[in-house]
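Visitor: Okay, here's the prediction I keep looking at, along with the sequence it came from:
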Amino acid sequence: MSLPVKRKAFAYIVRDRRLVVLIHPGHPEAGIQVPAGTMRDGESPEEAVIREATEETGLSGLEPVRLLGVARRDMSDFGRDEIHERHFFQLSCDGPVPESWRSYEHDPADGGPPIAFDFRWAPLDNLPPLVAAIPDLAEVSIGHAITADALIMGFPEAVRRYRA
């Protein structure tokens, strides 16, 4: 029996060499994350990442820069009988941005009540450990520096330099 696949979009929003990160104030054990969510039927990954990032952060002027990778993740170790097909994107932000803020997702995929998120900007040269890693970086990474490099110079160049 094959497990159902849920398509997800992850947003690495970068501006001025900083990355948007979030925590769930009601669930700090969930760790530090980037905005992400479930794709709707018929929605492209690019459409989903912009919609999810805008809904969760409240930021305007978000634009896709590049696809960072796609990975499949079996969620059975979290008690879910499903596979996540994760699409990781780098986004730029041309709209106004606060240093830190709370925002609410008013339309969660599970139909539940609004979800609060606390956001801040993390410098790329000192990224905190993130819950969901960009695919294929773990095999060449010596820490989160390669995530920063992938966001600055692009994934293929970052991997090439770390493998050299």
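Guide: Received the coordinates, thanks.
Visitor: Can you check which helix is longest in the protein?
Guide: helix 45-57 (DSSP state H).
Visitor: just so I have it, where are all the strands in this structure?
Guide: Assignment of strands within the chain using DSSP state E yields the ranges 5-15, 18-23, 36-38, 62-74, 83-93, 100-105, 115-123.
Visitor: which helices and strands sit right next to the longest one?
Guide: Counting by 3 or more C-beta pairs under 8 Å, 6 or more residues apart in numbering; DSSP states H and E, the packing neighbours recorded for strand 62-74 are strand 5-15, helix 45-57, strand 83-93, helix 155-163. Placement of C-beta: from N, CA and C, glycine included.
Visitor: okay, S92: pLDDT?
Guide: Here, the pLDDT recorded for S92 equals 95.
Visitor: ok, it touching R15?
Guide: Yes: under the criterion of C-beta atoms under 8 Å, S92 makes contact with R15 at 6.7 Å.
Visitor: Looking at those two, which is more packed in?
Guide: R15 (16 against 12; other C-beta atoms under 10 Å).
Visitor: Reformat the helices and strands packed on strand 62-74 as JSON lines; add distance to P28.
Guide: Listed next are the helices and strands packed on strand 62-74 as JSON lines, based on distance: least, C-beta to C-beta, whole Å:
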{"stretch": "strand 5-15", "distance to P28": "20"}
{"stretch": "helix 45-57", "distance to P28": "17"}
{"stretch": "strand 83-93", "distance to P28": "22"}
{"stretch": "helix 155-163", "distance to P28": "30"}
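Visitor: Which of those sits closest to H24?
Guide: helix 45-57 (10.7 Å; C-beta to C-beta).
Visitor: for the one residue sitting closest to the centre of the chain, which residues make a bridge with it?
Guide: With distances taken as C-alpha atoms, centre = their mean, F10 lies nearest the centre of the chain, 3.2 Å away. Using DSSP bridges, the bridge partners assigned to F10 are A36, F88.
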